[in-house]
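Chemist: Would you be able to build a 3D model of this:
(6 chains)
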Protein chains: 4
Amino acid sequence: MTDRRARRHDPGRRDRLIDAARRVIAERGVAGTTHREIARAADVPLGSTTYHFASLDEVLAEAFGRHAAAAADVFDERLGAATDRDSAIEAVIALIRDDLIGSPNDLVMAVELYVAAARNPALRAVTQAWMQRSRDALERHFDPTTARELDALIEGLVLHSVLSTDPMTPEQIRHAVERYLR
Amino acid sequence: MTDRRARRHDPGRRDRLIDAARRVIAERGVAGTTHREIARAADVPLGSTTYHFASLDEVLAEAFGRHAAAAADVFDERLGAATDRDSAIEAVIALIRDDLIGSPNDLVMAVELYVAAARNPALRAVTQAWMQRSRDALERHFDPTTARELDALIEGLVLHSVLSTDPMTPEQIRHAVERYLR
Amino acid sequence: MTDRRARRHDPGRRDRLIDAARRVIAERGVAGTTHREIARAADVPLGSTTYHFASLDEVLAEAFGRHAAAAADVFDERLGAATDRDSAIEAVIALIRDDLIGSPNDLVMAVELYVAAARNPALRAVTQAWMQRSRDALERHFDPTTARELDALIEGLVLHSVLSTDPMTPEQIRHAVERYLR
Amino acid sequence: MTDRRARRHDPGRRDRLIDAARRVIAERGVAGTTHREIARAADVPLGSTTYHFASLDEVLAEAFGRHAAAAADVFDERLGAATDRDSAIEAVIALIRDDLIGSPNDLVMAVELYVAAARNPALRAVTQAWMQRSRDALERHFDPTTARELDALIEGLVLHSVLSTDPMTPEQIRHAVERYLR
DNA sequence: AATGAATGAGAGTTCATTCAT
DNA sequence: AATGAATGAACTCTCATTCAT
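Modeler: Predicted coordinates for the structure are as follows:
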């Protein structure tokens, strides 16, 4: 562990706090995300969190914003690499199977965000932007109606798969997606 | 509002507390569901909530359990009334459109449950049972694979519709479901 | 476990509650002795404790009184069986070694009583009576001055022996008592 | 009493809280020692007690520790001032008569500690250390066996004297000690 | 005669936020 | 610029006691 005093000038600290907040949300949920917990996760003093952010809500908004951006990047990459409809379908399947179901933390973050957004307007904007980026990525290869329906299907499949004690197999994922798109 | 002193003998209070908890969860989220808030909603003294339940978690589990049962009943009724595949499809459409999207509180409750279940094993069982009942209802008319995929699709459609500033129209819902089932 | 309903008429219940209270005090201390805990230990409903006793203090007083009487009985028996000064000395040694140090619960009860008596006059009387009976028993064989000093020595030896991680051996007990009395 | 607002910066508050806790334990017993009572005695807000100590047990341990150290200091001083066996005997008599019986609060603290230690391992260590220091002080003038026995005798004499409605006179104390040591 | 339900006071503890340094 | 101390509100939970049945 680095000497605390070495950090007195620490330009990246705000960033580190946001990342620490992401980790805390994923591990303990929004309900368990406190200034103290974030400070501990970032290994900075308590006063630092309130110094860099006006309120806990601000930290949450930044943390969720950054998480959504990262998740949307993955979406973009998968679909940006596809060249035709067939490879786009494969990209969707891989996305669900490898990126989304494979890291259940992401689903946790998404659901935490939905819940938090229900009572916090600032987070509603984050949710909207995230959904919009997903849909835009899908519209590179599918018409708007299909993109929207597909986006919903993806969310439903991931949700049920992660929450279930009996998660869907890769074949089942493929089956569901192909049934919809072919 | 009845005189408080008249309540010294009050059978059914436990039930009323559970219903009060459902309302509080819907209005303020699990994070805002405290003994005090529940007591206020049920118009009973604070001590009453801790007398009837060993812990707040127990109240949450009962409240979510009751909510899930009610939601599953609606599911059952809609699909139980269908007589053939075509009317089953119409039942699914009506369910999404009128019952699920129409009462956004239900979606809020579902998402709150998912989040709470992530950190509370007792709630995981509630989630499982709820999902199972939905799937069973769908299997009255569709094969198991279809039922499972359809269940996920329904969840995704409702989620995206309710969370979006631009909710899906009834026609879009119909389109998505028919595309899947016909 | 007997059927609860069979107890509806239960003349010995008050007694059983007092004994239950003794056990609870020994196990959990006065601080942990509540109506609920006593009722549980006696396997009777909560309301029963407040029905049979006007207050928790009353239960404590009865419990300590009964305990003190039992402890004094042991004292009496040991010294009553002695026939001369020598056998009285042996009786004191056996008393300390086998009866007092051997059942550390008794010391716990005594110390709990001292603490409780500091704030509860009713218990002060119990303490006084207990001390008096000990001294009376010793005076069967020793002059009053010796009896009083010896009583204090016994208490000190037991206290230090039970509280210490390195308790006194039987030989050390004998040595201390004989040094005093021979 | 100083204006509360003047206290926003208050070094040494932790210390003051520990001393306040000592006073509260002596006056109300461990059972009556609550965060709120300590805060009141120290004239600080409730939140301050939980800011400075992780738990109430921690406050108790610190308070008893400090009390034991002070009591042991008195022991040390009395016996340190003695130069030979005779003056050591006089020191013991003065200690019992003037320091121990003279301040019954000390006995209360000791007994409270014994009771609390029965259920709190952290306090057991405090008890042990205290006993050890007493014995060490006595061993400056007496052999280990005598020191140990004498330590127990002192405790017993003080206990019976303070608890009794008919406390021992200075002459009786002297008689008991001399009988043992000469 | 006996009891489960009810209640109000108070417990320990956490925490967002403020502020003096 | 940065932080540890400070604070007040709110939290969950326990409990002696009261009371309607």
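Chemist: By residue count, which helix of chain A is the longest?
Modeler: For chain A, the helix with the greatest residue count under DSSP state H is helix A:56-80.
Chemist: Which neighbouring elements make contact with the helix or strand that that one is followed by?
Modeler: The helix or strand immediately downstream of helix A:56-80 is helix A:85-94, counting by DSSP states H and E. Applying 3 or more Cβ pairs under 8 Å, 6 or more residues apart in numbering or on different chains; DSSP states H and E, we find helix A:85-94 packed against helix A:56-80, helix A:170-181. Using the backbone N, CA and C atoms, a C-beta is placed for each residue, glycine as well.
Chemist: need the ones you listed in TSV with distance to DNA strand E, can you?
Modeler: TSV is the format used below for these (distance: least, Cβ to the nearest atom of the strand, whole Å):
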stretch	distance to DNA strand E
helix A:56-80	4
helix A:170-181	38
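Chemist: Out of those, which is closest to chain B?
Modeler: helix A:170-181 (4.4 Å; Cβ to the nearest Cβ).
Chemist: hang on, A:Val108 packs against B:Arg119?
Modeler: No - look at A:Val108 against B:Arg119 with Cβ atoms under 8 Å: they stay out of range, at 9.6 Å.
Chemist: Look at these two and report which has more neighbours.
Modeler: Shown here are A:Val108 and B:Arg119; by other Cβ atoms under 10 Å in any protein chain shown, A:Val108 has more neighbours (19 against 15).
Chemist: The more buried one and A:Ile25, how far apart?
Modeler: Per Cβ to Cβ, to the nearest Å, A:Val108 is found 8 Å from A:Ile25.
Chemist: Equivalent analysis for A:Ala152, please.
Modeler: Going from A:Ala152 to A:Ile25 by Cβ to Cβ gives 24 Å.
Chemist: Just the closest residue of chain A to chain B, please.
Modeler: A:Gly156 (2.8 Å).
Chemist: Contacts only, for that residue.
Modeler: By Cβ atoms under 8 Å, 6 or more residues apart in numbering or on different chains, the residues touching A:Gly156 are B:Asp151, B:Ala152, B:Leu153, B:Ile154, B:Glu155, B:Gly156, B:Leu157, B:Leu159.
Chemist: So which of the residues you listed is the closest to DNA strand E?
Modeler: B:Leu159 (27.7 Å; Cβ to the nearest atom of the strand).
Chemist: A:Glu178 - how many residues pack around it?
Modeler: Per other Cβ under 10 Å, the neighbour tally for A:Glu178 reads 13.
Chemist: pretty sure A:Arg22 contacts A:Arg66?
Modeler: Yes - contact criterion Cβ under 8 Å: A:Arg22 and A:Arg66 qualify, at 6.6 Å.
Chemist: quick one: A:Glu90 and A:Ala81 touch, right?
Modeler: No - when contacts are counted by Cβ under 8 Å, A:Glu90 is not listed as touching A:Ala81 (9.9 Å).
Chemist: So which of the two has more stuff around it?
Modeler: Neighbour totals were compared for A:Glu90 and A:Ala81, and A:Glu90 leads with 16 against 12 (other Cβ under 10 Å).
Chemist: where's the residue nearest to A:Pro104 when sequence neighbours are not counted, which helix or strand?
Modeler: Closest residue to A:Pro104 apart from its sequence neighbours, by Cβ to Cβ, 6 or more residues apart in numbering or on different chains: A:Val162 at 5.0 Å. Assigned by DSSP H and E, A:Val162 belongs to helix A:144-163.
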